[in-house]
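okay, sequence plus prediction incoming.
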Amino acid sequence: FALLSIVCGQCTYTANNGCTYDLSGLTIAVNQPTSAFYTGMDTSNSTFYFNICGALNSELSTGFSTPPGVLQESQNGSNYSCGVYNNTLIQDYSGAAAEGSCPGVDLIYFNGTACNNGSNRQTTINIGCDSTVVNGLSVDSIIEPAACAYEIQVFSNAACGVPAASPSASPSASGAANQTSASPSASPSA
């Protein structure tokens, strides 16, 4: 896995299997109203607001020194950062079954609000490939598999990566093999 590279609005990743992903189209601009951000509820009826590769707006970030990428609003109205936007990791997909040979990526937000157990909240967003989900994403589930560690399963066509190009071994008219090379993409820095 690698630290996420977000340069000039780009949110890209190259997986270990060579698939490349560009999630930039899923990022919601920080100046948008709260209703524009992705939301979902967990089984305890807490509402989660989140962004992909970006911060939440100033309304959702009130009271936090660093804007969160994920925010939990509990039933009693308390807000908790479940990971800040600028402390993020991207790695190969580990979520629910997804389409194709390029199934998606995991986006992990760290360094959220401290918990009673001394650790800071963090959230893994499993972004799985689903070619039928266009123009955004579909929230499948939000769970807390360990204390203050959240997992959000979403699907989007933006998570259907591009497979690595492989050299072609078929001969050309001149008898020489056609060579296809994959040019390096903007990938995260380690």
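Cool, got the structure.

where does this protein have low pLDDT?
1-9, 166-190 (pLDDT under 70).

which ones are touching the most centrally placed residue in the chain?
Ranked by distance to the mean C-alpha position of the chain (Cα atoms, centre = their mean), the top residue is residue 107 at 3.7 Å. Residues counted as contacts of residue 107 (Cβ atoms under 8 Å, 6 or more residues apart in numbering) are 4, 23, 52-53, 88-90, 124-125, 127. Every residue, glycine included, has its C-beta placed from N, CA and C.

could you identify the buried members of those?
4, 23, 52-53, 88-90, 124-125, 127 (16 or more other Cβ atoms under 10 Å).

between those, which is closest to residue 133?
If you rank those by distance to residue 133 using Cβ to Cβ, residue 127 comes first, at 10.4 Å.

before we move on, the earlier item: ok, the buried ones among the contacts of residue 107 vs residue 115, which is closest?
Nearest member of the buried ones among the contacts of residue 107 to residue 115, counting by Cβ to Cβ, is residue 124, at 15.9 Å.

wait, what's in contact with that closest one?
Applying Cβ under 8 Å, 6+ apart, the residues near residue 124 are 94, 106-108, 149-152.

pull the CA atoms of the one helix or strand it maps to into PDB?
In this assignment (DSSP states H and E), residue 124 forms part of strand 122-129. Extracted C-alpha coordinates of strand 122-129, given in PDB (Å, rounded to 0.1, in the frame of the first residue of the first chain):
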ATOM      1  CA  GLN A 122     -10.100   5.400  11.500                       C
ATOM      2  CA  THR A 123     -12.300   4.400   8.600                       C
ATOM      3  CA  THR A 124     -11.600   2.100   5.600                       C
ATOM      4  CA  ILE A 125     -13.800   2.800   2.600                       C
ATOM      5  CA  ASN A 126     -13.900  -0.300   0.400                       C
ATOM      6  CA  ILE A 127     -14.700   1.100  -3.100                       C
ATOM      7  CA  GLY A 128     -15.700  -1.900  -5.300                       C
ATOM      8  CA  CYS A 129     -16.200  -2.000  -9.000                       C
END
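
what about the closest residue to residue 22 other than its chain neighbours, how many neighbours?
Closest residue to residue 22 apart from its sequence neighbours, by Cβ to Cβ, 6 or more residues apart in numbering: residue 12 at 5.0 Å. Using other Cβ atoms under 10 Å, residue 12 has 20 other residues around it.

what sits against residue 138?
130, 154-156.

give me phi/psi at it?
Main-chain torsions, residue 138, degrees, to the nearest 10: phi -120, psi 120.
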